[in-house]
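Chemist: Model the structure of this input:
(one chain, ligands or ions: 1)
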Amino acid sequence: MSDEYLVFDKVTKYFGDLPVVAEPFNLVIPKGQFMVFLGPSGCGKTTLMRMSGGLDSASTGEIRLEGEKISQPDARRGMVFQSYSSFPWMTVEENVAFGMRYHPTFTKSTVKQRTAHYLALVGLSDFASSYPSRISGGMRQRVAIARTLAAGSEVLLMDEPFGALDAQRREQLQLELRRIQSEESRTIIFVTHDVEEAIFLADRIIIFSARPAYILEDINVTQILGSQRSLAVRDSHEFFALKSTLLKTVRASHRSDRQEER
Ligand SMILES: Nc1ncnc2c1ncn2[C@@H]1O[C@H](COP(=O)(O)OP(=O)(O)OP(=O)(O)O)[C@@H](O)[C@H]1O
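Modeler: I've put the predicted structure just below:
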């Protein structure tokens, strides 16, 4: 694992006068780490993700991937955001395959096989030939997930990607995401409001304060739970203990949020 892989270096962000990240934000994410961002609504998680994706720029400071400043989106970083929109003129299957079009090594048959695999994973095999306008919003979100996972980007930026899924599908995708991360050494930043999801997925969790965002806690989950995650880990004493600690911090961050609104 290289320690200096994805680096936030003294990043601040203002939208006009609105401070989203006011205190210079520093974070070093090693290659292959599964990072989860937790924090109150509106604290700045999506903004940090958009900047990591090259969709927005920092007011000061910079974000680097392997020493190179991120200034625009590129194929090394795959994104799933809440407001994902698929290409309406392509079928579900074509939307998923489209994510792999520039992959340097995938052959036609690999693209076909990966498209089928990820469509099955998100439960959309029967809708492969449908157009996005004919499926529900939750299904379109699943198309986005399949497309991003299939694309094989080395960094995955996922902003509440499983929010609209039913519990069983969500669990299945959580397991798959851990598998992909450990087998293929992908580096992931994942935003969620669900503390159990955060603990199950993460190697490391950052809990943010209310806006302007700063780090309230930085927790090494792998040190506590180990790196192998089966569903049984959710029943362990360590999992419960961690959940109760995290919930306290998350509640405190929300309280500071409400005080600010008064
Ligand atoms: N383009 C923009 N212009 C102005 N303000 C913005 C813009 N994008 C976000 N903001 C503001 O920046 C703050 C942080 O928003 P952001 O979406 O990053 O929060 P978040 O932590 O992802 O919230 P949630 O958990 O609800 O998705 C909010 O106050 C939001 O209104």
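Chemist: what's the burial count for residue 179?
Modeler: Look at residue 179: counted by other CB atoms under 10 Å, it has 11 neighbours. For glycine as for every other residue, the C-beta is placed from the backbone atoms N, C-alpha and C.
Chemist: what does the stretch 1-150 of the chain have sitting close to the ligand?
Modeler: Selection of the stretch 1-150 of the chain residues close to the ligand by CB under 6 Å from any ligand atom yields 15, 18, 20, 39, 41-47.
Chemist: again, only using 5 Å
Modeler: By the rule CB under 5 Å from any ligand atom, the part of the stretch 1-150 of the chain lying against the ligand is 15, 20, 41-47.
Chemist: and of those residues, the nearest to residue 54?
Modeler: Nearest to residue 54 among those: residue 47, at 13.1 Å, using CB to CB.
Chemist: and stretch 91-109, which residues are buried?
Modeler: Using 16 or more other CB atoms under 10 Å as the test for burial, stretch 91-109 gives 91-93, 95-100, 103, 106.
Chemist: What about those, which are in helices?
Modeler: Residues of the buried residues of stretch 91-109 located in helices (DSSP state H): 92-93, 95-98.
Chemist: most surrounded residue in the residues of the stretch 1-150 of the chain next to the ligand?
Modeler: For these, neighbours tallied by other CB under 10 Å; top is residue 43, 26 neighbours.
Chemist: can you pull the contacts of that one?
Modeler: Residues near residue 43 by CB atoms under 8 Å, 6 or more residues apart in numbering: 208-211, 213, 253, 257.
Chemist: Out of those, which comes closest to residue 238?
Modeler: Here the nearest of these to residue 238, counting by CB to CB, is residue 253; it sits at 22.6 Å.
Chemist: State the helix or strand in which the closest one lies.
Modeler: Using DSSP states H and E, residue 253 maps to helix 237-261.
Chemist: contacts for the top strand by length along the chain?
Modeler: Longest strand of the chain, by residue count under DSSP state E: strand 18-29. Identification of contacts with strand 18-29 by CB under 8 Å, 6+ apart yields 3-14, 35, 44, 47-48, 60-61, 187, 189, 206, 211-215.
Chemist: Then stretch 63-71?
Modeler: With CB under 8 Å, 6+ apart as the test, stretch 63-71 has contacts from 2, 4-9, 11, 51-54, 57, 62, 76-77, 155.
Chemist: Just the pLDDT for the closest residue to residue 21 other than its chain neighbours.
Modeler: Excluding its sequence neighbours, the residue lying closest to residue 21 (CB to CB, 6 or more residues apart in numbering) is residue 13, at 4.4 Å. Residue 13 carries a pLDDT value of 97.
Chemist: cool, and the one 5 residues further on?
Modeler: Model confidence at residue 18, given as pLDDT, is 95.
Chemist: now swap in residue 216 and tell me
Modeler: As predicted, residue 216 sits at a pLDDT of 93.
Chemist: follow-up on the earlier one: wait, isn't the residue nearest to residue 21 in contact with residue 44?
Modeler: Yes: applying CB atoms under 8 Å as the test, residue 13 and residue 44 come out as touching, 6.9 Å apart.
Chemist: where does residue 156 fall, phi/psi-wise?
Modeler: Note on residue 156: its backbone torsions stand at phi -110, psi 130 [degrees, to the nearest 10].
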